[in-house]
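Asker: What follows is a protein structure lacking sequence information:
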């Protein structure tokens, strides 16, 4: 596995396992495929996925329970768990309660990276950050982060915390770049958010690297590069993300073939002219 360095000399794999919709939707859990889901997470860990991304929202909290069952058979110190507190739980006491419940479901003593899932202007950011500071000082979490935050929101959050914001998780890929992203609420990712994170040693954790399958459709450039490198379009899209400074990604996969395919985005590089072509191409979005 390839790694990048998080603040404090903390290594994180360039590719992690996303778990959104494993175990149900954000409003209702689904217990019908629990055995298969647990096995899929175990298989991913066995195939070098040591970073697992989740959230209390996923599966209406059930996803964390599935991860907790899956990781019991592995050495915890060799895993990196990212979870998120939902935007309606950002009052001081609610943040702490949410974290402790996540720890119970995950069956672990600590969460490596704990993120604010999305900004909530109705709750003072200061009390949210003070709660995250408390959780870090008590050893419940190792690193503080945010998700779907603009530069100004990151600056405000940092102002209220004694500890460095280590991560901003955003919906960044070849398709979603600067436009306001439906479902993520992020804009100006390439023009503002990513440069700011790179300049301030904040890790960008890109989710939806293949835009929920949109980038797997036929496209002249991706089709050409797929033939040239003998790689799938998914591998090309992921490689372009992880080749950038301070950027890692999380890929949802439950089938062994897809889990292995995503790993094939590592250990090779795109030629400079192909990087320039990818960066100059407008791939559109599923909503246009």
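Answerer: The structure has been received and is ready for your questions. Not measured: the values here are computed from a predicted model.

Asker: Identify the residues contacting residue 158.
Answerer: 164-165 (C-beta atoms under 8 Å, 6 or more residues apart in numbering). All C-beta spots, glycine's among them, are computed from the backbone N, C-alpha and C.

Asker: a helix runs through it, doesn't it?
Answerer: Yes. Under DSSP: H, G, I helix; E, B strand; the rest coil, residue 158 falls within a helix.

Asker: Tell me which residues of the helix ranked longest in the chain come out buried.
Answerer: The longest helix of the chain (DSSP state H) is helix 92-106. For helix 92-106, burial by neighbour count (16 or more other C-beta atoms under 10 Å) applies to 92, 94-96, 98-99, 102-103, 105-106.

Asker: what does stretch 119-127 give?
Answerer: 119-120, 123, 125, 127.

Asker: about what we covered before: who are the packing partners of the longest helix of the chain?
Answerer: helix 62-71, strand 80-85, strand 111-116, helix 125-137 (3 or more C-beta pairs under 8 Å, 6 or more residues apart in numbering; DSSP states H and E).

Asker: ok so, going back, closest to residue 86 out of the buried residues of helix 92-106?
Answerer: Nearest to residue 86 out of the buried residues of helix 92-106 is residue 98 (C-beta to C-beta; 7.2 Å).

Asker: how near is that closest one to residue 140?
Answerer: Counting by C-beta to C-beta, to the nearest Å, the gap from residue 98 to residue 140 is 11 Å.

Asker: and what of residue 92?
Answerer: 14 Å.

Asker: hmm, back to that, need the buried residues of stretch 119-127 in CSV (columns: pLDDT and distance to residue 43).
Answerer: Converted to CSV, these look like this (pLDDT from 0 to 100; distance: C-beta to C-beta, whole Å):
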residue, pLDDT, distance to residue 43
119, 97, 35
120, 97, 36
123, 98, 39
125, 98, 39
127, 98, 40
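
Asker: what two of those have the greatest distance between them?
Answerer: 119 and 127 (13.8 Å).

Asker: Tell me where the stretch 101-250 of the chain has helices.
Answerer: All helices of the stretch 101-250 of the chain, identified by DSSP state H, counting those that start in this stretch, fall at 125-137, 151-159, 194-199, 220-229, 233-242.

Asker: what's the closest of the ones you listed to residue 1?
Answerer: helix 233-242 (11.0 Å).

Asker: Report all helices and strands that that closest one contacts.
Answerer: Short answer (3+ C-beta pairs under 8 Å, 6+ apart): helix 233-242 packs on helix 220-229, strand 247-252, helix 256-263, helix 272-280.

Asker: Now find how far off-centre the longest one is within its chain.
Answerer: In this case it means helix 220-229. Relative to its parent chain, helix 220-229 has a centroid offset of 26 Å by C-alpha atoms, centre = their mean, to the nearest Å.

Asker: try stretch 167-176
Answerer: 9 Å.

Asker: now stretch 213-225
Answerer: Worked out by C-alpha atoms, centre = their mean, stretch 213-225 lies 23 Å from the chain centre.

Asker: neighbouring contacts of it?
Answerer: The set of residues external to stretch 213-225 that reach it, using C-beta under 8 Å, 6+ apart, is 173-175, 210, 231-234, 236-237, 270, 274, 277-278, 281, 283, 285-286.

Asker: same question, stretch 91-110
Answerer: Residues contacting stretch 91-110 (C-beta under 8 Å, 6+ apart): 54, 56, 61, 64-65, 67-69, 71-72, 76, 81, 83, 85-86, 88-89, 111, 114, 123, 127-128, 130-132, 134-135, 139-142.

Asker: Derive a PyMOL selection command for the buried subset of those residues.
Answerer: Applying 16+ other C-beta under 10 Å to the contacts of stretch 91-110 leaves a buried subset, and the PyMOL line that selects it is:
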select buried, resi 54+56+61+64+65+67+68+69+71+81+83+85+86+89+111+114+123+127+128+131+132+135+140+141+142
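
Asker: Just the angle for the strand or helix carrying residue 44 relative to helix 256-263, thanks.
Answerer: Residue 44 belongs to helix 34-46 when assigned by DSSP states H and E. Orientation check (axes from the mean of the first three to the mean of the last three C-alpha atoms, to 10 degrees): helix 34-46 against helix 256-263 gives 30 degrees.

Asker: distance between the ends of stretch 153-164?
Answerer: Terminal residues of stretch 153-164 lie 14 Å apart, using C-alpha to C-alpha, to the nearest Å.

Asker: buried ones in that stretch?
Answerer: Applying 16+ other C-beta under 10 Å to stretch 153-164 flags 153-154, 157-158, 161, 163 as buried.

Asker: Could you do stretch 4-11 as well?
Answerer: In stretch 4-11, counting by 16+ other C-beta under 10 Å, buried: 4, 6-7, 10.
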